[in-house]
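Visitor: next comes the sequence, and after it the predicted model I'd like to discuss.
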Amino acid sequence: MSTWDLLAGLELEIEGYELEALQATVSSEFERKSTLIRLRGRGEEGVGEDVTYDAVDHEILQAAGPVLPLAGSFTLASFCERVAREQLFPEPPQREVSERYRTWAYESAALDLALRQAGTTLHGALDREPRPVRFVVSLRLGEPPSLAPLRARLELYPGLRFKLDPTSSWHEALIEDLVATGAVDAVDFKGYYSGSTVDQPADPVLYRRVAEAFPHAWIEDPALTPETDAVLASHRDRFSWDATIHSITDIEALPYPPRMVNIKPSRLGGLRSLLDAYDYCAERGIGNYGGGQFELGVGRGQNQYLASLFHADAPNDVAPTGFNLPEPPAGLPSSPLEPAPWALGFRWGD
């Protein structure tokens, strides 16, 4: 029986739903907006988070209100089929991938509600034991680059680990200082972003410097050209892939058989797609780590919950939300996160 089959038959009663706006300035220097989806039924509430990146898409959704005809009796599988037939965006989204993010919001809320109505938890339904979650903090060093953001976090949390975004402005002295911290577990070359604020073109000089300086770090999303592929040829066993991974088909299409992929639940788009990808990787010995999308609400805890069940001892990019603030406060949880599932449903932590 597949992992999805263990959940598909959960019964689900929906009487209505509500939307809640969230907003915060995060460490990548943009004003993050997200929307909570709150499904109600039989005295319970299930919550999911829409992590669509474009603020205008949230503003349009929130202005339209809860207009979708979602009330009724379902199984979890039939509700997901219902969501697939609905127009989730009152107006076409700014980017295609946002359809996946919003689908995940409704389906994760439905999973939370179905589990609560069944009187159980995700780990109970899957017969898996939650484990402590190892995490890293994803960080950019600014332009011009500076160690200040990293050092400020290490002063408060000396054992913190990082996934950093190298840019062509990284000079050798900066890289040497980063190596001296001993705190870098992964580097993300952002090779598959286009038209975003984090674009980083293929740069053989940068790739060589970083790959050689951090011989034990995962190398995420290198842009492979004849020049960069040659530079990284001896490091292919450390490649990891993120931005292109929306399905099993995308994993199969990678240029080299992967040892590791970054599985972002919202990017996979739906519960079945996500759980089938976990099964696929487990059957083939492909490692996973989880990735966040600057969640502001319940979505971050749900990612941590999934990590605790499927890839707890990996460099999960699911640090508590406070680490994404420009100036993280003292008193945040350290890695690994102790298991913190709620007594019911698909929720984790505070």
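Guide: Good, I have the coordinates.

Visitor: against which helices or strands is the longest helix anywhere in the chain packed?
Guide: Longest helix of the chain, by residue count under DSSP state H: helix 98-118. Taking 3 or more CB pairs under 8 Å, 6 or more residues apart in numbering; DSSP states H and E as contact, the helices and strands that helix 98-118 lies on are strand 11-14, strand 30-41, strand 44-50, helix 76-85, helix 122-126, helix 265-268, helix 271-284, helix 298-310. From N, CA and C alone the C-beta is placed, and that goes for glycine too.

Visitor: give the buried residues for that helix.
Guide: Neighbour-count burial for helix 98-118, with 16 or more other CB atoms under 10 Å as criterion, is recorded at 98-118.

Visitor: what's the answer for stretch 76-90, then?
Guide: 76-77, 79-80, 82-83, 88-89.

Visitor: and these, which is closest to residue 263?
Guide: Distance to residue 263, by CB to CB, is smallest for residue 80 among the buried residues of stretch 76-90, at 18.2 Å.

Visitor: enumerate every residue touching the closest residue in space to that closest one that isn't next to it in sequence.
Guide: Once flanking residues are discounted, residue 80 sits nearest to residue 107: 5.4 Å by CB to CB, 6 or more residues apart in numbering. Residues near residue 107 by CB atoms under 8 Å, 6 or more residues apart in numbering: 48, 79-80, 83, 270-271.

Visitor: switch those residues over to JSON lines; also include distance to residue 175 and pLDDT.
Guide: As requested, these are exported to JSON lines (distance: CB to CB, whole Å; pLDDT from 0 to 100):
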{"residue": "48", "distance to residue 175": "40", "pLDDT": "98"}
{"residue": "79", "distance to residue 175": "49", "pLDDT": "98"}
{"residue": "80", "distance to residue 175": "46", "pLDDT": "98"}
{"residue": "83", "distance to residue 175": "46", "pLDDT": "97"}
{"residue": "270", "distance to residue 175": "40", "pLDDT": "95"}
{"residue": "271", "distance to residue 175": "41", "pLDDT": "98"}
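
Visitor: not counting sequence-adjacent ones, nearest residue to residue 126?
Guide: residue 6 (5.6 Å).

Visitor: confidence score at the one you found?
Guide: The model reports residue 6 with a pLDDT of 98.

Visitor: I'd assumed residue 125 was in contact with it.
Guide: Yes. Using CB atoms under 8 Å, residue 6 is in contact with residue 125, at 6.1 Å.

Visitor: quick revisit: state the distance from the residue nearest to residue 80 to residue 82.
Guide: Residue 107 sits 10 Å away from residue 82, taking CB to CB, to the nearest Å as the criterion.
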